[in-house]
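1. Provided below are the primary sequence and the corresponding predicted coordinates.
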Amino acid sequence: MTGASRVTAFVSLALVSFAACSQGMRRATDEPHSAAAWRLLRYQDEHGQIPARAWQTALEQRAATVAAGSITPTAGGIAPPAWTERGPANVAGRSRSLVIDPRNTQRMFCGAVAGGLWRSTNGGTTWAQVNDWWSNLAVSCVTLDPTNPDVMYVGTGEGFYSLAHLVRSFSHFVRGAGMLKSIDGGATWTQLAATANWQHITRIAVSPSNPRIVLASRRPGGIARSADGGQTWMDVAVGELSFQVAFDPNDGMKAVAHFSSSGPLVHGVIASTDSGLTWQPALTGLSSLSGEDARIELCYARSVPGVVYASVGTSGGKIWRSADGGRNWTLRTTTGSTGASRYYDPLWVSPTDENLMVAGGVHTFRSTNGGQSVSQISNGYILTVQPHPDIHFAIHDPAYDGTSNRRVWLTTDGGVHVADDILAASSSTGWRHLDATMISTQFYGASGNGPNDTIVGGTQDNGTLRVIGASRTANLDYGGDGGQVQIDPTNPNYVYGEIQWLGVHRSTNGGASASSITSGLSEANSSGANFIAPLRLDPNEPRRLYGGGLRLWRTTDAGASNVGWVTVKASVGSFISAIAIAPGVADRVLVGHNDGRLYRSTNATAATPTWTAIDDNGAADPLPNRVITRLVFDPSDALRVYACFAGFAADNLWRSVDGGVTWQRITGTLPLALPTAPVYGMAVHPDDGAVLYAATEVGVFASDDGGANWTTNNDGPANAVCEEITFMHSSRRLLLATLGRGLWTADVARPASIAFGAGCGGTSTPTLAVDPLAPARMGHDLVVLGGALRAGEPYALLLIGLSNTVWAGGNLPQPLVMIGMPNCSLLTSIEFSPATGIAPNGTSSWTVPLPGDRALLGANLFFQCAAPDPSA
């Protein structure tokens, strides 16, 4: 035998690892609370409740799944590392706290309310994540020990919201898990066990004279005090909530706090003269205020002992002053107002001049006369040097002296800004934006186009943003609070997005800019839809766009100059929360609601479609009665559809194989299971319907067996809240949108064969392909199909290896002398035993058992077919 037919191919096993404007509308002042109410709805069960320790339990289950996955690496086909952080690196998310090391003012820490703690060592020019694996990434406040800056405290849970109409104990946006402490300058952190069940810590204060005494303001709970550096705590002012507590910087025996004892509508100031052990209410002025926005922010005037200022969120924001440590108060502001409210109410008083102060709300205001009058000194927007709207916190440089150093920092809904001279800063000059590489943007949804690697996503108060390629730099497509996004798969210039309450907009230039297309859509921009409403393009006809309010809306001319909307499903009294259109069958549409009701149409393109209740919460009730967060069809099977549910429950992912008629729970079995947490989205691999991905409240999970087992690991977006997961169009690139850690992608190409070289002289050229029914998965049989073989070949060898460049200490190719084919070349290494097949009809197949060996994860398998040439 002097010749052989040969061809090589490789199969990728690089399976992904999982971890967990100028245009637009400025949002009304009550919209943060609407966003909070929407999120709260997705936490609750059928009875409006959230289980005790819900987040802690879900995180514990996640940790158990990580551990089990390390023992059983085949579950989910997970191979780290694979996630790529896509930014945006120029748009940070909401930040409520900042501390600066007094020993080195280039070193600072910033808390993102859903993205964790960030550190800068160059004065805020760039930032790095401190730890993605804390039990909670909702950082609400950061505090340094004034006597030893190596000691730091972090409070979690954001409670600055007005939800009095909801269950009070659940009134929150991003819930926390107590307090963390570092004693080595932020290098390592420990959760303070006694605080683990605290839902929202709004402020932490350390005594300037005794660093073991620490005060914490909380919601719910009021004021707590520790006398041993946070190890143990006692309640010292028990109440509904407290938004702030502060020690007098000149006297550690004195402290003031905001306090509400009789409900979220009654607020006042309390003061202590014994280091926070006992408290007395204010006697005059701020003893009792009513109103949803009666938040009180407090700041001592360091230059005048006993003087405290307060910014109060009623009547548009006014400044008050106390000269006796907080017992008696007088209103100072007679001209103007700061716009402060419960959501935003910063206050800073110069440590050298009590008359100079900064307060704010949507924008920043300055007073030079002790609060008697205020003037606006910022007018920013998204992606501007001027401070982003919604100012949350202000702090001065530790070296501030009132003359040569007047630097003041702000944290906002868009990250960190600084005025190098607070007296010179204005609405047109004097500010810098310093949040580069702080990837803490809060996304509600995203869509991507694979060929040009473009992602467009909707965010919390940073609008709808576009990121192209590896730049991690975003441009603004549309303002306001962004929502769900859909890119036309046939023409990526057309991008559809929304602002809050189904305010649909369209871009015709790929997301560079956009304009509203809500004419005739009467439920848009109102209370007629969820805060983030479902928006879906028909994959069969990209001019057909659906939006969900109380009713289902449809347009069949989404790309036209004048878009016309019609209703195609009547209201059932519950907002629509999810929409799905079957691929290849445009008439098959499923619609889910906030109360768990699910409807199906088989003539959805008709002028008046017919809708059948799959789940009506009554006689037909096969599914949970919670918010349906997402409905997803298998892209390769129009009968296979998935339903995701909200709430901290164990049954939040279901599958139907008959177009939605019957359903099966597919959450796995612990420890290889989805956690008991909301599932906000899921995706099906376009080449393998058994490979599933789930986006949850506590990270990303994957299954490679149709949902029987789930796993995750410590890679990528970690414990972040994951809002949407989907494949970018025309690609095998998985896109993840998180609420607090930006955008992520992972390439998850399933096996594909690529031929190398030609057959030996005078022979046929075999072809290789992977059997789509038996692709490469660890611990499973891989089947490789061969074609174009000479009929009646006595045998055909399949050579299998992990490299096409080197083998046995030498470079490839090498002569095939060892198997009697000296005139042919070996093009692959041989780490596996050669497989033998016959070709009676010019075809052959080889079954290759792939071991569950973690060393193979992320590897490529190379194949070479070598068949004898009878004529040679």
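-> Received it, and whenever you're ready, just let me know what you need.
2. all contacts plus neighbour counts: C-alpha atoms, from now on.
-> Noted.
3. buried ones in the longest helix along the chain?
-> The helix spanning the most residues in the chain, taking DSSP state H as the definition, is helix 54-71. For helix 54-71, burial by neighbour count (16 or more other Cα atoms under 10 Å) applies to 55-59, 61-69.
4. Check those and tell me the two furthest apart.
-> Pairwise distances across the buried residues of helix 54-71 peak at 20.9 Å for Trp55 and Gly69 (criterion: Cα to Cα).
5. now the helices for this structure?
-> Remark: helices assigned in the chain by DSSP H are 31-43, 54-71.
6. give me the number of residues near Ser561?
-> Using other Cα atoms under 10 Å, Ser561 has 8 other residues around it.
7. what about it, distance to Val142?
-> Going from Ser561 to Val142 by Cα to Cα, to the nearest Å gives 50 Å.
8. do Gly681 as well
-> 32 Å.
9. How about Thr403?
-> Using Cα to Cα, one obtains 27 Å as the distance from Thr403 to Val142.
10. what about the two, which has more around it?
-> Counted by other Cα under 10 Å, Thr403 and Val142 do not tie: Val142 has more neighbours, with 25 against 9.
11. Quick check: closest non-adjacent residue to that one.
-> Excluding the flanking residues, the one nearest Val142 by Cα to Cα, 6 or more residues apart in numbering is Val154, at 4.6 Å.
12. That neighbour and Leu180 touch, don't they?
-> Yes - using Cα atoms under 8 Å, Val154 makes contact with Leu180 at a distance of 5.1 Å.
13. mind showing which ranges of the stretch 51-200 of the chain have poor pLDDT?
-> For the stretch 51-200 of the chain, the stretches with pLDDT under 70 are 69-81, 162-174.
14. What score does the residue nearest to the spatial centre of the chain have for pLDDT?
-> Ranked by distance to the mean C-alpha position of the chain (Cα atoms, centre = their mean), the top residue is Thr738 at 1.7 Å. On pLDDT, Thr738 comes in at 97.
15. List the residues that contact the nearest residue to it once chain neighbours are set aside.
-> Distances taken as Cα to Cα, 6+ apart put Cys722 closest to Thr738, at 4.3 Å, once the chain neighbours are dropped. The contact partners of Cys722, taken as Cα atoms under 8 Å, 6 or more residues apart in numbering, are Tyr680, Ala695, Thr696, Glu697, Val698, Gly699, Val700, Leu736, Ala737, Thr738, Leu739.
16. State the distance from the first one to Val142.
-> If I follow you right, that is Tyr680. With distances taken as Cα to Cα, Tyr680 is found 30 Å from Val142.
17. what number of residues lie near Leu773?
-> By the measure other Cα under 10 Å, the count of residues near Leu773 is 10.
18. pretty sure Ala580 is touching Asp634, no?
-> No - using Cα under 8 Å, Ala580 is not in contact with Asp634, being 10.4 Å away.
19. more neighbours, these two?
-> Between Ala580 and Asp634, counted using other Cα under 10 Å, the more crowded position is Ala580 (25 against 21).
20. what is that one paired to in the beta sheet?
-> Note on Ala580: beta-bridge partners by DSSP bridges are Leu590.
21. do the one 5 residues further on as well
-> The residues paired with Val585 through beta bridges, assigned by DSSP bridges, are Ala582.
22. Next up, the contacts around Arg640.
-> Taking Cα under 8 Å, 6+ apart as the test, what Arg640 contacts is Phe633, Asp634, Arg655, Ser656, Val657, Asp658, Gly659, Gly660.
23. Using a markdown table, lay out these together with pLDDT.
-> What follows is these, written out as a markdown table (pLDDT from 0 to 100):
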| residue | pLDDT |
| --- | --- |
| Phe633 | 99 |
| Asp634 | 98 |
| Arg655 | 99 |
| Ser656 | 98 |
| Val657 | 98 |
| Asp658 | 97 |
| Gly659 | 96 |
| Gly660 | 95 |
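24. Let's have those residues in CSV, adding distance to Ser135.
-> Converted to CSV, the contacts of Arg640 look like this (distance: Cα to Cα, whole Å):
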residue, distance to Ser135
Phe633, 33
Asp634, 33
Arg655, 30
Ser656, 34
Val657, 37
Asp658, 40
Gly659, 39
Gly660, 37
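25. so Gly482 makes contact with Asn462?
-> Yes - using Cα under 8 Å as the test, Gly482 is close enough to Asn462 to be in contact (7.1 Å).
26. Give me the more crowded residue out of the two.
-> Set Gly482 next to Asn462 and count neighbours by other Cα under 10 Å: Gly482 wins out with 32 against 28.
27. What are the structural domain limits within the protein?
-> Recorded structural domains for the chain (assignment: automatic domain parsing) are 4-15+751-868, 64-82+440-747.
28. Quick check: which of those domains is buried the most?
-> domain 64-82+440-747 (a mean of 22; mean count of other Cα atoms under 10 Å).
29. Look at that domain and report the distance between its end residues.
-> When the termini of domain 64-82+440-747 are compared using Cα to Cα, they are 26 Å apart.
30. Stretch 138-154 too?
-> 10 Å.
31. Please state the offset of that stretch from the chain centre?
-> 25 Å (Cα atoms, centre = their mean, to the nearest Å).
32. State the distance from the closest residue to Ser656 other than its chain neighbours to Pro624.
-> The spatially closest residue to Ser656, leaving aside those adjacent along the chain, is Trp663, at 4.6 Å (Cα to Cα, 6+ apart). In this view, Trp663 and Pro624 are 11 Å apart by Cα to Cα.
33. Asp228 now?
-> The value you get for Asp228 to Pro624, if Cα to Cα is used, is 46 Å.
34. try Pro772
-> For Pro772 relative to Pro624 (Cα to Cα), the value is 34 Å.
35. Also Leu799?
-> From Leu799 to Pro624 the distance is 51 Å (Cα to Cα).
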